[in-house]
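J.: Fold the following and give me the result.
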Amino acid sequence: MSDYRIGYGYDVHRLIAGRKLILGGVEIEFDKGLDGHSDADVVLHAICDAMLGAAALGDIGKHFPPDDPKYKDADSRELLKHVHQKVKECGWSQIENIDVTIMAERPKLTKFKSLMKEKIAELLKIDSSRVNIKATTTEGLGAIGRQEGIAAAAVCLLKNDD
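T.: Got it, this is the predicted structure:
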């Protein structure tokens with residue numbers, strides 16, 4: 001009998017000068033990057049939280065505490081692979097789909113969405129048809145609209161064939 005679980009994840013980080021901008025495992029040329037303990041990839045962090053939530057395994061902060069020096073400047077691609085392994089160990093054998101929305105005024109992300117989709121699928125060893133990436137602005141409203149940061153929200157549907 002198949003069992004399905006859905007999880008939701010959200011992450012936001014402040015934009016600062018002097019850091020690389022990495023979204024969905026892809027380095028994006030921009031004059032600012034995201035501030036955080038790790039590489040601050042809000043897309044992969046939101047996906048991690050969605051997967052952990054679906055498997056009832058807590059959140060990204062539980063698994064990779066921001067005050068733990070071993071995660072300083074951590075590559076979020078490695079964090080995502082670790083989360084995927086944990087989810088599989090709990091019996092959630094298949095990722096049915098992942099849907100991500102990135103909220104940013106700048107940079108414009110249209111030309112990067114397919115690269116992110118392919119990178120995420122590669123990291124999770126799933127077909128890219130199971131990954132969707134969307135980008136939107138907040139129409140100038142709030143901190144995102146003032147270009148102070150970038151946020152991402154993700155949902156993930158997991159399947160267990162037990």
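J.: helices and strands of the chain: which one bottoms out on pLDDT?
T.: helix 60-63 (a mean of 92; mean pLDDT, DSSP states H and E).
J.: Which positions within that helix qualify as buried?
T.: By 16 or more other CB atoms under 10 Å, the buried positions in helix 60-63 come out as Ile60, His63. Where C-beta positions appear, they are placed from N, C-alpha and C, glycine not excepted.
J.: State the next helix or strand along the chain beyond it.
T.: Next along the chain after helix 60-63, taking DSSP states H and E as the criterion, comes helix 76-89.
J.: first vs last residue of stretch 128-145, how far apart are they?
T.: Distance across stretch 128-145, first residue to last, is 30 Å (CA to CA, to the nearest Å).
J.: contacts for it?
T.: For stretch 128-145, contacts defined as CB atoms under 8 Å, 6 or more residues apart in numbering pick out 12, 24, 43, 95-105, 108-110, 113-114, 116-118, 120-121, 124, 146, 149-151.
J.: Just the buried ones from the residues you listed?
T.: 12, 24, 43, 95, 98-105, 109, 113, 116-118, 120-121, 124, 149-151.
J.: give me the low-pLDDT residue ranges for this structure?
T.: 1-2, 162 (pLDDT under 70).
J.: Okay, and the nearest residue in space to Ala104 that is not next to it in sequence sits in which element?
T.: In this structure, Ala104 finds its nearest non-sequential neighbour in Ile150, 4.4 Å apart by CB to CB, 6 or more residues apart in numbering. Take DSSP H and E as the rule and Ile150 turns out to sit in strand 149-160.
J.: what's the angle between that strand and helix 76-89?
T.: Put simply, strand 149-160 runs at 20 degrees to helix 76-89, going by axes from the mean of the first three to the mean of the last three CA atoms, to 10 degrees.
J.: partners of strand 149-160, with directions?
T.: Strand 149-160 has its sheet partners listed here by DSSP bridges as strand 3-16 (antiparallel), strand 94-103 (antiparallel).
J.: out of those, which comes closest to Pro66?
T.: strand 3-16 (11.3 Å; CB to CB).
J.: Which strands and helices lie in contact with the very next helix or strand once past that closest one?
T.: Later in the chain than strand 3-16, the nearest helix or strand by DSSP H and E is strand 21-23. Secondary structure elements in contact with strand 21-23, counted by 3 or more CB pairs under 8 Å, 6 or more residues apart in numbering; DSSP states H and E, are strand 26-28, strand 33-34.
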